[in-house]
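Predicted model follows, preceded by the sequence.
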Amino acid sequence: MSLIRTALVLGAVVYAMPTDPQKQQQLIHTASDTVVWGLTFCQREPLTCDQAKAVGQQILDKAKFGAALAGDIASKWSEQHGDRKPAATLTIEDALAVPGPTAIVQDPTDPSISG
């Protein structure tokens, strides 16, 4: 079904393309100007770009912490339950039996951390 939907959307895009050479050149010019405008955003708006980089770094740090936490929980569960039940047979009691996380979180603004 999604193949048919994709074919219809692509067909509509192709149908909407201009056939007049002058309009084709205008479309190419507009598209290239739009790409250049997007690529030079950080040059025009350095403060906004710096803020976006900071937020992106926070999201990355949280994702790393979440992955470490999930790995720690899976490792502890595996140590306690070596028989490894399939996920469909896990009970709430099995999930609650996993002890709390032991991941260490470091403050990136701490001057004692080098890196």
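Thanks, I have it.

Show me where the protein dips below the pLDDT cut-off.
For the chain, residues meeting the criterion pLDDT under 70 lie at 82-115.

try 50
103 (pLDDT under 50).

can you pull out the helices in it?
2-16, 21-39, 41-44, 46-80, 92-96 (DSSP state H).

Can I get those in TSV including mean neighbour count?
Just so you know, the C-beta spots here come from the backbone N, C-alpha and C atoms, and that holds for glycine as well. What follows is these, written out as TSV (neighbours: other CB atoms under 10 Å):
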stretch	mean neighbour count
helix 2-16	9
helix 21-39	10
helix 41-44	10
helix 46-80	12
helix 92-96	9
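
Kindly provide the distance from G71 to Q22.
G71 is 59 Å from Q22, where distance means CB to CB, to the nearest Å.

Check Q58 too.
Going from Q58 to Q22 by CB to CB gives 48 Å.

do H81 as well
70 Å.

How about A52?
With CB to CB as the criterion, A52 and Q22 are 38 Å apart.

Equivalent analysis for W77, please.
66 Å.

Next: V13.
In terms of CB to CB, V13 sits 20 Å off from Q22.

got the phi/psi numbers for P18?
Note on P18: backbone dihedrals following degrees, to the nearest 10 are phi -70, psi 150.

That one touches T30, doesn't it?
No. Under the criterion of CB atoms under 8 Å, P18 makes no contact with T30, lying 11.2 Å away.

Now do the shared contacts for the two.
Listed as contacting both P18 and T30 by CB atoms under 8 Å, 6 or more residues apart in numbering is no residue at all.
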